[in-house]
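Visitor: sequence below, structure please.
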Amino acid sequence: MAADATAQSSLSGPELLAALRDGGYNLYFRHAATDWSQHDRVRQDGDWTSCDGTRMRQLSDSGRETARAVGAAIQALKIPVGEVLASPYCRTLETAQLMGLGTVQPTTQVINLRVADRFGGTQAVIASARRLLATAPAGGMNRVIVAHGNVARDATPVYPDEAEAAIFRPDGQGGFEVVGRLTPAQWSALVGG
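Guide: As a prediction, the model looks like this:
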């Protein structure tokens, strides 16, 4: 399945867990739940990194709890993670940090499309996100990417909910396929299963 094909989840439950334990996947998480009473007020470059709720939308308390729980589930399931990347927005970096899966590296490859004009435009960000998802992680590992719903919606066939993971397998030919999706509740169910 190419990057522009329709979404189909081909793996689920124990089969998906076994695949993730073998590594080779990109786990794209939309940041955890946010406080929708807050609004992004980007006036100049770098404003998106602000963790001030009067300037930028931040994680809610429940979002923080969810990020911790998803990270704990990934660790309990012994899913190998070699690299953790996040959009430089405070809410994406905080989600990734709270997951506790390794050192978080900020990247503009998956920057929110609302500021794409500062990074070469919407098509440039979409192309960089697709390249990242088509790039295989280091041998035997998975890559965790924490970013935004609008990037996933426009660069892939899926539009994840807050804290949901879309799981992509690079095809070795410059593309990728969607192999599954996991909500926070489904991560917990896998641990309990």
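
Visitor: tell me the secondary structure for the nearest residue in space to residue 24 that is not next to it in sequence?
Guide: Nearest residue to residue 24, sequence neighbours excluded (Cβ to Cβ, 6 or more residues apart in numbering): residue 136, at 6.1 Å. Using the backbone N, CA and C atoms, a C-beta is placed for each residue, glycine as well. What DSSP: H, G, I helix; E, B strand; the rest coil gives for residue 136 is coil.

Visitor: for residue 136, give me the pLDDT.
Guide: In this model, residue 136 is scored at 97, pLDDT.

Visitor: so it makes contact with residue 173?
Guide: No: counting by Cβ atoms under 8 Å, residue 136 does not reach residue 173; the two are 11.2 Å apart.

Visitor: quick one: which of the two has more around it?
Guide: residue 136 (16 against 8; other Cβ atoms under 10 Å).

Visitor: for the longest helix along the chain, buried residues please.
Guide: Ordering each helix of the chain by length in residues (DSSP state H) puts helix 61-76 first. The neighbour-count check on helix 61-76 (16 or more other Cβ atoms under 10 Å) flags 63, 64, 66, 67, 69, 70, 71, 72, 73, 74 as buried.

Visitor: can you check the pLDDT for the second one?
Guide: To tie it back to what came earlier, the one meant is residue 64. Predicted confidence (pLDDT) for residue 64: 98.

Visitor: extract the CA atoms of the helix or strand containing residue 127 and return them as PDB.
Guide: Secondary structure assignment for residue 127, by DSSP states H and E: helix 122-134. Taking C-alpha atoms only, helix 122-134 is exported to PDB below (Å, rounded to 0.1, in the frame of the first residue of the first chain):
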ATOM      1  CA  THR A 122       2.100  22.400   3.500                       C
ATOM      2  CA  GLN A 123       3.300  20.200   0.600                       C
ATOM      3  CA  ALA A 124       6.900  20.300   2.000                       C
ATOM      4  CA  VAL A 125       5.800  19.200   5.400                       C
ATOM      5  CA  ILE A 126       3.600  16.500   4.000                       C
ATOM      6  CA  ALA A 127       6.500  15.200   1.900                       C
ATOM      7  CA  SER A 128       8.900  15.300   4.900                       C
ATOM      8  CA  ALA A 129       6.400  13.400   7.000                       C
ATOM      9  CA  ARG A 130       5.900  10.800   4.300                       C
ATOM     10  CA  ARG A 131       9.700  10.400   3.900                       C
ATOM     11  CA  LEU A 132      10.000   9.800   7.600                       C
ATOM     12  CA  LEU A 133       7.200   7.200   7.700                       C
ATOM     13  CA  ALA A 134       8.900   5.500   4.700                       C
END
